[in-house]
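In: can't give you the sequence, but here's the structure:
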Ligand code: C5P
């Protein structure tokens, strides 16, 4: 695991109860977490909660005589790889936007060197307040990442914008802040999941692709700084934050969506398990199960990836090959046939539906083996490799 050091600032809002879950998520992801609370945060939840969850003493006071470290406001930010404040109150954001450093947490923020992310949490009127909105504009201009806020039911009983994002989503942003950004400013188009070829009103031909690898690649590309469009077959996954998802059903739908988006793309990654055939004699109505032999006429689907590589000015294209045998031989033949600078080869038996996988990257230089790992870890390596080749090809 890539263990990183996260400094978590907690300010005084009712959303503090969600910060405990955030700590759990970060610790589960393998990170070391140091919590710093403001005095008012401790009115909502005691420091001992965070001490127990992180295994580290919580800092609250600048002038704590019990501690040997009189330079905590400097040393803690030097220690951290990323700094996240959740919840961030209107008061804290106002201080941050104006460089005010009058307690340990705001002083740490002023002295920071690592990326800073804040998750605002406040009543909808406070969020919409012009002074708060001015502060948000200023913080964005200063390079602070503003996470959310979400809209919905608020603790005060009102409904509106100002709810803190859920812990899981904040954790995704923290992970993203820790990744290098080789695709900053680039547009990446990705296909994912299975396609579904209709037989009649209720039936169809599909495959067991879960979409996990495609969604992991989308998340890795977003983490690498890209603007991501994900053309997705029917899956039960949530798209990564920051990704635009276009839902499709059949291979023809997927091709149409890709054609509509591909001109804008710098990189195209085809991860979808596209059905090779569609049904010619589809029935509008549900076919009755009379005791007769039903014959389906199947015609080949368009090859989406090959369509993209055959364009006049194609984006940098990456393909996947799932094979059940002769992996290297079949995959390299596919790479050449589809004219791909990069192809990720994997075995059907280890890939489909699983949470982890083993991949061999094939490019003009040969093969690069990525040992068995979580699909996100593999996706990050694949995206980094694609970004290197893309940069070399485009001399950027
Ligand atoms: O030919 P094969 O299906 O094995 O090729 C796999 C690669 O081609 C994957 O990247 C897949 O997303 C893409 N593909 C496609 N359209 C198809 C079939 C495959 O884009 N009709």
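Out: Nice, I can see it. Just so we're clear, the structure is a prediction, and the values are computed from it rather than from any experiment.

In: let me see the contact set for whichever residue of the stretch 51-200 of the chain sits closest to the ligand.
Out: Using CB to the nearest ligand atom, residue 191 is the residue of the stretch 51-200 of the chain that sits closest to the ligand, at 5.6 Å. To be clear about C-beta, it is placed using only N, CA and C from the backbone, and glycine gets the same treatment. Residue 191 makes contacts with 214, 230-232, 254, 258, 269-272, 274, 304, as judged by CB atoms under 8 Å, 6 or more residues apart in numbering.

In: ok, and the most crowded of these?
Out: With neighbours taken as other CB atoms under 10 Å, the top of these is residue 269, carrying 31 neighbours.

In: contacts for stretch 359-372?
Out: Contacts of stretch 359-372 (CB under 8 Å, 6+ apart): 327-328, 331-332, 335, 341-346, 350, 356-358, 378, 381-382, 385, 389.

In: mind listing what's buried in that stretch?
Out: Residues 359-363, 370 are the ones in stretch 359-372 that count as buried (16 or more other CB atoms under 10 Å).

In: want to throw the residues you listed into JSON lines with secondary structure?
Out: Converted to JSON lines, the buried residues of stretch 359-372 look like this (DSSP: H, G, I helix; E, B strand; the rest coil):
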{"residue": "359", "secondary structure": "strand"}
{"residue": "360", "secondary structure": "strand"}
{"residue": "361", "secondary structure": "strand"}
{"residue": "362", "secondary structure": "strand"}
{"residue": "363", "secondary structure": "strand"}
{"residue": "370", "secondary structure": "strand"}
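
In: so, low pLDDT: which residues of the stretch 51-200 of the chain?
Out: 64-71, 73 (pLDDT under 70).

In: near the ligand, which residues of this structure?
Out: 191, 251, 270-272, 274, 301, 303-305, 319-321, 334 (CB under 6 Å from any ligand atom).

In: do that again at 8 Å, thanks
Out: Taking CB under 8 Å from any ligand atom, the part of the chain that reaches the ligand is made up of 191, 251, 254-255, 269-276, 301-308, 318-323, 334, 338, 343.

In: re the thing from before, buried subset of the contacts of stretch 359-372, written for ChimeraX?
Out: Applying 16+ other CB under 10 Å to the contacts of stretch 359-372, the buried members can be selected in ChimeraX as follows:
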select :327,331,332,335,341,342,343,344,345,346,357,358,378,381,382,385,389
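
In: which ones among the contacts of stretch 359-372 lie within helices?
Out: 327-328, 331-332, 335, 350, 378, 381-382, 385, 389 (DSSP state H).

In: which two in those residues are spaced the farthest apart?
Out: 350 and 389 (24.6 Å; CB to CB).

In: backbone phi and psi for residue 76, please?
Out: phi -70, psi -40 (degrees, to the nearest 10).

In: thought residue 159 was touching residue 152, still the case?
Out: Yes: counting by CB atoms under 8 Å, residue 152 touches residue 159, with 6.6 Å between them.

In: mind listing the strands in the stretch 151-300 of the chain by residue range?
Out: 159-163, 187-192, 197-198, 204-205, 227-232, 243-247, 267-270, 277-279, 298-300 (DSSP state E, counting those that start in this stretch).

In: can you tell me what sits against the third one?
Out: Where contact means CB under 8 Å, 6+ apart, the residues beyond strand 197-198 that reach it are 204-206, 249-251, 275, 277-279, 282, 301.

In: who wins for most neighbours among these?
Out: residue 251 (25 neighbours).

In: put together JSON lines for the contacts of strand 197-198, with pLDDT on each row.
Out: Output for the contacts of strand 197-198, formatted as JSON lines (pLDDT from 0 to 100):
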{"residue": "204", "pLDDT": "97"}
{"residue": "205", "pLDDT": "97"}
{"residue": "206", "pLDDT": "97"}
{"residue": "249", "pLDDT": "98"}
{"residue": "250", "pLDDT": "98"}
{"residue": "251", "pLDDT": "98"}
{"residue": "275", "pLDDT": "97"}
{"residue": "277", "pLDDT": "98"}
{"residue": "278", "pLDDT": "98"}
{"residue": "279", "pLDDT": "97"}
{"residue": "282", "pLDDT": "95"}
{"residue": "301", "pLDDT": "98"}
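
In: Throw these into CSV and include distance to residue 52, thanks.
Out: Shown next, in CSV, are those (distance: CB to CB, whole Å):
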residue, distance to residue 52
204, 51
205, 52
206, 47
249, 48
250, 52
251, 52
275, 51
277, 57
278, 56
279, 58
282, 59
301, 55
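
In: circling back: not counting its neighbours along the chain, what's nearest the residue of the stretch 51-200 of the chain closest to the ligand?
Out: Leaving aside its chain neighbours, residue 191 sits nearest to residue 272 (3.7 Å; criterion: CB to CB, 6 or more residues apart in numbering).

In: wait, that neighbour sits on residue 206?
Out: No: Residue 272 is beyond contact range of residue 206, at 11.7 Å (criterion: CB under 8 Å).

In: now the common contact residues for those two.
Out: Joint contacts of residue 272 and residue 206 (CB under 8 Å, 6+ apart) are 194-195.

In: show me where the stretch 1-150 of the chain has its strands.
Out: Using DSSP E, counting those that start in this stretch, strands in the stretch 1-150 of the chain cover 5-10, 32-37, 82-88, 116-120, 145-146, 150-153.

In: deepest-packed of those strands, please.
Out: Mean neighbour count (mean count of other CB atoms under 10 Å) peaks for strand 82-88 among the strands of the stretch 1-150 of the chain, with a mean of 28.

In: what pairs with it, parallel or antiparallel?
Out: Here strand 82-88 is paired, per DSSP bridges, with strand 5-10 (parallel), strand 116-120 (parallel).

In: list of residues touching that strand?
Out: In contact with strand 82-88 (CB under 8 Å, 6+ apart) are residues 4-11, 13, 15-16, 18-19, 22, 77, 92, 96, 105, 108-109, 112, 114-121, 147, 164-165, 170, 173-174, 177-178.

In: can you list which of these are found in helices?
Out: Per DSSP H, the subset of these in helices is 16, 18-19, 22, 77, 92, 96, 105, 108-109, 170, 173-174, 177.
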